[in-house]
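K.L.:
Build me a model from this:
(chains A and B)
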Amino acid sequence: MGITDQLLMAYVDGELSPDLAALILSRMDKEPDLLERLEQHQRLRSQLSAAYGPVMGEPLPPDLAALLAREGVKVGASKAKPVRAFAFHGLDTSWQMWAAAAAAAVFGVGVSQAMHMNDPLTLSGGRIVASGALANSLEHSLAADTSASGAKIMASFEDRSGRYCRVFEAAVGGHQGGVACKNDGRWAVVALANSAASEPSSGYRQAASAMPASVVAAVEELQPSNVLTPEQERQARTQQWRVSATAASKS
Amino acid sequence: MELAARDVTPSTAKLGSGDPFVRQMMDLLPRLRRFARALTQANSDADDLVQLTVEKCLRERAQWADGTKLDSWMFTAMRNAWIDETRMRSRRRESVADAGEAELVADRSVASEELKVQAMSIQSAMAALPNEQRVAVALVLVDGMSYQEAADLLGIPEGTLTSRLSRARATLLSKLNEGRHGHH
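P.N.:
The predicted structure follows:
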């Protein structure tokens, strides 16, 4: 039996267990029709975020600014600036990336091509691997980089087999959280889901709880043996996240 | 396991309100504004809805039980206010869509003409949805809530939510395809 629409939607909404999500991913390159249907649903999600997302960074309407000023929120002094201050940091990036993909998708360029040009994910040997800006962030960003554009790295760890894995939040097509592990020179995305929180969360607890349950479950399944300190992260980065190099240097 | 999350300074600290309730509300404001846009067809309706919701929640803050998530509480307030408004308008035989038609314009921060067309067709496709389906789309597809969060917020079983989402998606996709073929 094929993958039902219901299942596919749940996948796109980040609601599937890692097992079921993996099943869908494994069928993807065998069933071209499935990829097309998946793209259709992902495109709808992107179009919705693109249509409604920009308001998040817009200046407040004067009435609202006045109301909030009465509550002690300093919005009056210079009109545009304080409002900008709480605009979601990642929005600009996600917006630009989406805009390029959408323009390509709507006007002439085939959707599949658009996906390959702009999508942070590509299929490789039945696996979904990071590409483009996402791959770049996974390879080069540190968890401490809060101002980095593109994907934000939340944490890095070694899984039970010694591979390096990184939990990320990508500003792509809505805000997706995920886990990727470095495997054979590429970042294999082992879990991906839309995260509910769309504004900066403050501190450790909120950030952790904003991660979708499916991503947290995937992390647990990888059985992290060591969460990297910033120093270890930097070192792993210079070794291009190769297992043997740091495993040797540690003992 | 512990996720060593990056330390994000709450940006609202810069805004200077010492009131934690107001601070949390400010954090939610971008999401509330987006939710309002997704529910309504006219930007002026969305602004009014945000204003109404913020006023109401400030007024009734004593009723907010600390255990409930502020976002569920405020999103529920906004959703209820919008449902009331649309009922009132339909009683007055005034179509919500008609009222908004003149202002059915794409967001001004949408960069290119092509994307304006795109945002507009999303908005008109959304206008074709029954209210309850639009709410479901706004919560899950636009805000990114999980099925469970959205179903809890609406007080409906998850199965009801997913069937609304599925019907809504079918309508949206067919409207958007129609639009695309119309342009070429």
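K.L.:
where do the helices sit along the stretch 151-251 of chain A?
P.N.:
A:203-210, A:213-221, A:230-238, A:243-250 (DSSP state H, counting those that start in this stretch).
K.L.:
low-confidence ranges in the stretch 1-150 of chain A?
P.N.:
Applying pLDDT under 70 to the stretch 1-150 of chain A picks out residues A:1, A:74-128, A:146-150.
K.L.:
Could you give the bridge partners of A:Ala191?
P.N.:
A:Val179 (DSSP bridges).
K.L.:
neighbours around it, how many?
P.N.:
For A:Ala191, the neighbour count with other C-beta atoms under 10 Å in any protein chain shown is 27. Using the backbone N, CA and C atoms, a C-beta is placed for each residue, glycine as well.
K.L.:
That one against A:Gly178, yeah?
P.N.:
Yes. Using C-beta atoms under 8 Å, A:Ala191 is in contact with A:Gly178, at 5.6 Å.
K.L.:
Mutual contacts of these two, please.
P.N.:
Contact criterion C-beta atoms under 8 Å, 6 or more residues apart in numbering or on different chains; residues shared by A:Ala191 and A:Gly178: A:Val215.
K.L.:
If I average pLDDT within each of the helices of the stretch 151-251 of chain A, which one is lowest?
P.N.:
Sorting the helices of the stretch 151-251 of chain A by mean pLDDT places helix A:203-210 lowest, at a mean of 39.
K.L.:
Domain-wise, how is chain B divided?
P.N.:
When chain B is parsed with automatic domain parsing, its domains come out as B:19-104, B:105-184.
K.L.:
Out of these, flag the one nearest A:Ala151.
P.N.:
Of all those, domain B:105-184 sits nearest to A:Ala151, with 16.4 Å by C-beta to C-beta.
K.L.:
one step back: looking at the domains of chain B, which is nearest to A:Pro230?
P.N.:
Nearest to A:Pro230 among the domains of chain B is domain B:19-104 (27.0 Å), distances taken as C-beta to C-beta.
K.L.:
Is chain A within reach of that closest one?
P.N.:
Yes. Under the criterion of C-beta under 8 Å from any C-beta of the partner chain, domain B:19-104 makes contact with chain A via B:19, B:22, B:26-31, B:33-34, B:37-38, B:46-47, B:50-51, B:54-55, B:58.
K.L.:
Restricted to buried residues, select those residues in ChimeraX.
P.N.:
To isolate the buried members of the residues of domain B:19-104 next to chain A in ChimeraX, using 16 or more other C-beta atoms under 10 Å in any protein chain shown:
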select /B:22,26,27,28,29,30,31,33,34,37,38,46,47,50,51,54
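K.L.:
The helix ranked longest in chain A - contacts with which helices or strands?
P.N.:
Longest helix of chain A, by residue count under DSSP state H: helix A:32-52. Applying 3 or more C-beta pairs under 8 Å, 6 or more residues apart in numbering or on different chains; DSSP states H and E, we find helix A:32-52 packed against helix A:5-12, helix A:18-28, helix A:91-106, helix A:111-118, helix B:20-39, helix B:113-127, helix B:158-183.
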